[in-house]
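**Q** Kindly generate the corresponding structure for this input.
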Amino acid sequence: MLEAYILGLPKDERELFIKQTVSTFLLTAVAAVTLCGQAADTYVAPRTEWGQPDLQGVWNFSSNVPMQRPQQFGEREFMTDEQEATTIFE
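**A** Numbers count the residues shown, from 1 in each chain. Below is the predicted model of the structure:
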């Protein structure tokens, strides 16, 4: 539909439309990149009193994967579905 509109324009209006569209796209892209770069430069991660990263917040542990690998599995990379269903992680 837009293509039919553009092709129906006289040549000089068509060129102006394309230049305006490309200019708008480039201006928007440059503005987005600039704003993203500035946001990253000004952000300072929160720190605790002793200078470590502050990791307070809500942590979601709703996973069947333990935070540390149980010793009983040794070097085994994968478990079968049956082993996973019968294993209780502590």
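
**Q** any low-confidence regions in this protein?
**A** 1, 4, 37-41, 88-90 (pLDDT under 70).

**Q** ok, now which residue in it is the farthest from the centroid?
**A** Centroid-distance maximum for the chain: residue 10 at 43.2 Å, with CA atoms, centre = their mean.

**Q** Could you grab the helix/strand/coil label for residue 36?
**A** Secondary structure for residue 36, judged by DSSP: H, G, I helix; E, B strand; the rest coil, is helix.

**Q** tally of neighbours for it?
**A** Residue 36: 10 surrounding residues under other CB atoms under 10 Å. To be clear about C-beta, it is placed using only N, CA and C from the backbone, and glycine gets the same treatment.

**Q** ok, the most centrally placed residue in the chain to residue 24 distance?
**A** With distances taken as CA atoms, centre = their mean, residue 36 lies nearest the centre of the chain, 12.9 Å away. Distance from residue 36 to residue 24, counting by CB to CB, to the nearest Å: 19 Å.

**Q** again with residue 62
**A** Using CB to CB, residue 62 is found at 45 Å from residue 24.
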